[in-house]
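Q: Predicted structure and sequence below. I'll ask about it afterward.
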Amino acid sequence: MNTWICLICGWVYDEAAGLPEEGIAPGTKWDDVPPNWVCPECGARKEDFEMTQI
C-alpha cells in the first residue's frame with residue numbers, strides 16, 4: 001500500500017485507509033480511484049498527486 005500527496009495543498013491519500021466517506025473502500029489502489037475524483041481539500045485532480053512514503 002502506498003500514500004499519495006496532493007502537490008497543491010499537501011492532503012494525503014492512503015491506499016490502506018481509502019476514503020470511505022467518498023465511497024472509496026479501504027485497500028483501494030490509487031490506480032483504481034475514479035479518474036474524475038478530486039482532492040477533498042482543494043479540488044485538485046489526480047494528476048496533481050505524487051506517490052510518497054510517510
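A: Received, thanks.
Q: Every contact and neighbour count from this point should use C-alpha atoms.
A: Noted.
Q: so what's I54 up against?
A: Contact analysis of I54 by CA atoms under 8 Å, 6 or more residues apart in numbering lists T3.
Q: what's the nearest residue to the residue nearest the centre of the chain if we skip its chain neighbours?
A: In the chain, the C-alpha closest to the average C-alpha coordinate belongs to Y13, at a distance of 3.5 Å (CA atoms, centre = their mean). Closest residue in space to Y13, ignoring its immediate chain neighbours: W4 at 5.1 Å, by CA to CA, 6 or more residues apart in numbering.
Q: ok now the strand or helix carrying the one you found, how far from the chain's centre?
A: With elements delineated by DSSP states H and E, W4 resides in strand 3-6, which encompasses its position. The gap between where strand 3-6 is centred and where its chain is centred comes out at 6 Å by CA atoms, centre = their mean, to the nearest Å.
Q: quick one: the residue nearest to the centre of the chain and P20 touch, right?
A: No - judged on CA atoms under 8 Å, Y13 makes no contact with P20 at a distance of 11.6 Å.
Q: Mutual contacts of the two, please.
A: Common contacts of Y13 and P20, defined by CA under 8 Å, 6+ apart, are absent altogether.
Q: start to end distance for stretch 43-54?
A: From the first residue to the last, stretch 43-54 extends over 22 Å; the measure is CA to CA, to the nearest Å.
Q: can you tell me the average pLDDT over it?
A: Per-residue pLDDT over stretch 43-54 has a mean of 93.
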